[in-house]
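Visitor: following is a predicted model, sequence given first.
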Amino acid sequence: MIQVCLTLTLALSQTPPVVTDATAVPNASAVPAAPEVADVSAGTAAPAATAVPAATAATTTPAERRNTASLTAAIDSLRARCPANMVASSIGNSAGRRAIPLLTLSADPSTAGDRPAILMLAGMDGPRWSGTEAALIAAEAIARDHADMLRAVTVYVIPRGNPDAAEGFSTDPRRDYSGDGIVHDNDRDGTREEDRPRDLNGDGLITQIRASANSTPWTAPTLIADAAELRLLRAPDAKLGEVPVYAVWTEGIDTDGDGRIAEDWLGGIDPERNFPHRWPEFEDEAGSYPLIAPESKAIADFVMSHPTLFAAFVLGRHDTVINVPDGKARTAGGVPVMLDEADVATFAELAKSWRELSGQKRADARDSGGSFVAWMNAQRGVPTFASTLWGRPDAPAPEAPKPADAPNVDKAADKKADKKDAPKPADAEAAAWLEYSDRVCNGAGFVPWTRIDHPQLRNVEVGGWVPGFRENPPIAQVPALGDACAKFIAAIADARPKITIAEPTVLAVGPSLWRIETRLTNTGRLPSVMRGGRADLVTPAHVIRLSAPMDRIQAGNRNDVIRGIDAGSARVYSWLVNVPPGEEVAVELLYNGKSAQRWAFRDGEKITAEGSK
């Protein structure tokens, strides 16, 4: 069956910035809380599926290229439909003074900060409007269908982490760019944004221009047309006597006369290149130092102020669920690029559930340097799953010829031989995308190279990929993918770390001398902290503490600080302690300085069991 590619273009005008006063709405930054203790009943993993699931009756209708005003209205409508377990607020403002929205999903929003939490982040890339739409649909599905989970786990959803880039993409001409609203001197010539891309052919898109036979000061040619697919360009092969023909630029002109074209564009820092881990300091869009972008700073502050976060799920340009990192890559300083090898198996188990729920098979991911997902996994130690939401679908096979027109055996053999001997495109993935665009979407994904009169260059053609085409699924698929996101969040919740201390055994071994023993276990399927976050003072720690003064403890440590507890692991604790008759002694589990579980005894008899189920 031929898949139908639906394209819905909304004529949205740019709206004034919407600024939300974060102090005027309930803020999800509650007092840091203890991790979950021994509740194995809440949160149920979603059943696996082998293809993109059918959408449920979601009432959030996805929209292409939704602008800020439309997003605000969608969130207001969503909150009105889910008043009991959803609160809308903001974590801060973008560089362009647009609110960065936050949805807090909890059975009791007033105590949301007291439960283990998952963060879902989308909308960090301007062209990827589908991530925001899927996040809104997922938020509604969670609020509607996962009430039991929300009694045990809080879900925070940031549907649009980079409002300025999304607002820019909502207006014409469209351009594949994810910078925020900071006015920026990209070419460092002392003048800001004077050499912006221009829509030279008037199609409402910023694509590319390619030109031949131009000399200094213009860039020398470096590419040739690929003989296997003439719309694509590749590097020439000197061994075959090939010489460069084309130079390629972003669609535009040289406004400032420096010999460069469209190099000082509208927009500034890309927040997804501005997080600390492997921050690409020499890239212009990465900013002058990590977290200088207000968007990345607001998100990092949110993470730091919510120590109950045990996992995150990101919809954007990066991928850790289709191509799970093997954990072998290290930075020059020996830090994991994404995951430590010891954490890969646990991570891969949940990544598999995303593939089953979504049916996604491919992902065109980008380098993760400076990204939120890399910072969370490698430095914070919070398992963070990243998905591009969809990947290139398979184009349908060409229709077989009718029997009357079927070729004879000799001709079929000749064609098969010709196909075998035909040159193969240098970029097989790009060629496959073109095939999908041609067969399924009637060529809507690529602007054919078309000659134009350029005011400065000779032999110029405009063409290239339509911005957002490869980044977004057909809009008709978004509701099903949003529903898959909700089920994946439920699967993560079901795998959450469950840290407990067993009821201690208290045995008299002499006059006022007691042996106390207990076990610390993690019966969940995720670690409390992955290895990237186990350094001192990076993330909050668990502490096992005996209440008796040090001088009464004959054996065993009064305090034990645990920086990370692997799934399925257990530790045995034993103390020999002097406790006078009638005096209380307690064993306590703390997290982030707060009590999570406490067992108290007097004369060998249990008197309290706080935080235990």
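Guide: Arrived safely, thanks for sending.
Visitor: please, which helix or strand holds the residue most central in space within the chain?
Guide: Centre of the chain computed as the mean C-alpha position; nearest residue by C-alpha atoms, centre = their mean is V314, 2.0 Å away. Counting by DSSP states H and E, the element that carries V314 is strand 309-315.
Visitor: quick one: contacts for C82?
Guide: Contacts for C82 (C-beta atoms under 8 Å, 6 or more residues apart in numbering) come out as E140, A143, R144. Bear in mind the C-beta positions are built from the backbone N, C-alpha and C, glycine included.
Visitor: roughly how far apart are the residue lying closest to the last one once chain neighbours are set aside and D114?
Guide: Meaning R144. Leaving aside its sequence neighbours, R144 sits nearest to C82 (C-beta to C-beta, 6 or more residues apart in numbering; 7.0 Å). Distance from C82 to D114, counting by C-beta to C-beta, to the nearest Å: 20 Å.
Visitor: and I475, by the same measure?
Guide: The spacing between I475 and D114, counted by C-beta to C-beta, is 38 Å.
Visitor: now swap in A286 and tell me
Guide: With distances taken as C-beta to C-beta, A286 is found 37 Å from D114.
Visitor: neighbour-wise, which of the two wins?
Guide: More neighbours surround A286 than the other of A286 and D114, with 22 against 17 (other C-beta atoms under 10 Å).
Visitor: how much space separates the residue nearest to the more buried one when sequence neighbours are not counted from P280?
Guide: What sits nearest to A286 in space, not counting adjacent residues and going by C-beta to C-beta, 6+ apart, is R273, at 4.2 Å. From R273 over to P280 the distance is 6 Å, taken as C-beta to C-beta.
Visitor: residues in contact with both of those two, list them for me.
Guide: A286, G369, G370.
Visitor: of all those, the one with the weakest confidence?
Guide: Of all the shared contacts of R273 and P280, A286 has the smallest pLDDT value, namely 91.
Visitor: list the contacts for it?
Guide: Neighbour list for A286: I269, D270, R273, N274, W279, P280, G370 [criterion: C-beta under 8 Å, 6+ apart].
Visitor: among the residues you listed, who's most crowded?
Guide: When neighbours are taken as other C-beta under 10 Å, the top entry among those is N274 (30 neighbours).
Visitor: is that one in contact with G370, as I believe?
Guide: Yes - N274 lies in contact with G370 (C-beta atoms under 8 Å); the separation is 5.8 Å.
Visitor: where does pLDDT dip in the stretch 351-500 of the chain?
Guide: The stretch 351-500 of the chain contains residues with pLDDT under 70 at 400-421.
Visitor: now do W449 against W465, distance only.
Guide: To W465, W449 is 12 Å away according to C-beta to C-beta.
Visitor: hmm, I typed the wrong one, I wanted E588.
Guide: 59 Å.
Visitor: can you count the residues close to S110?
Guide: Neighbours of S110 under the rule other C-beta under 10 Å: 10.
Visitor: could you confirm it falls within a strand?
Guide: No - using DSSP: H, G, I helix; E, B strand; the rest coil, the secondary structure at S110 is helix, not a strand.
Visitor: what's the pLDDT at it?
Guide: 91.
Visitor: and C485, its phi and psi?
Guide: C485 has phi and psi values of phi -60, psi -40 when expressed as degrees, to the nearest 10.
Visitor: which SS class is the spatially closest residue to D427 that is not a sequence neighbour?
Guide: Leaving out its chain neighbours, the residue that sits closest to D427 by C-beta to C-beta, 6+ apart is L232, at 5.9 Å. Three-state call for L232 (three-state DSSP): strand.
Visitor: next: R144.
Guide: Recorded secondary structure, R144: helix (three-state DSSP).
Visitor: quick one on the thing from earlier: surely the residue nearest to D427 touches A428?
Guide: No - using C-beta under 8 Å as the test, L232 is too far from A428 to be in contact (10.2 Å).
Visitor: ok, these two, which is more surrounded?
Guide: With neighbours defined as other C-beta under 10 Å, L232 and A428 compare such that L232 has more, 19 against 11.
Visitor: show the pLDDT at L537.
Guide: 75.
Visitor: again, but for G259
Guide: 80.
Visitor: what number of residues lie near the residue nearest to it when sequence neighbours are not counted?
Guide: Leaving aside its chain neighbours, G259 sits nearest to P217 (3.3 Å; criterion: C-beta to C-beta, 6+ apart). Applying other C-beta under 10 Å, we find 10 other residues in the vicinity of P217.
Visitor: can you give me the strands in the stretch 301-450 of the chain?
Guide: Along the stretch 301-450 of the chain, counting by DSSP state E, counting those that start in this stretch, strands occupy 309-315, 384-387, 446-452.
Visitor: now do the helix or strand encompassing P479 against strand 309-315, angle only.
Guide: In the assignment (DSSP H and E), P479 maps to helix 478-494. Angle of helix 478-494 versus strand 309-315, following axes from the mean of the first three to the mean of the last three C-alpha atoms, to 10 degrees, is 160 degrees.
Visitor: partner strands of the next helix or strand after helix 478-494 and their direction?
Guide: Once the chain leaves helix 478-494, the next helix or strand it forms, by DSSP H and E, is strand 499-501. If you go by DSSP bridges, strand 499-501 pairs up with strand 513-522 (antiparallel).
Visitor: which element follows the partner strand toward the C-terminus?
Guide: Proceeding N to C from strand 513-522, the next assigned helix or strand is strand 542-546, under DSSP H and E.
Visitor: can you name every helix or strand that that next one contacts?
Guide: The contact analysis (3 or more C-beta pairs under 8 Å, 6 or more residues apart in numbering; DSSP states H and E) places strand 542-546 against strand 513-522, strand 559-562, strand 570-578, strand 584-591.
Visitor: could you redo the last one with a cut-off of 6 Å?
Guide: Secondary-structure packing of strand 542-546 (3 or more C-beta pairs under 6 Å, 6 or more residues apart in numbering; DSSP states H and E): strand 559-562, strand 584-591.
Visitor: one step back: spit out the contact partners of the residue nearest to D427.
Guide: D226, D427, A430 (C-beta atoms under 6 Å, 6 or more residues apart in numbering).
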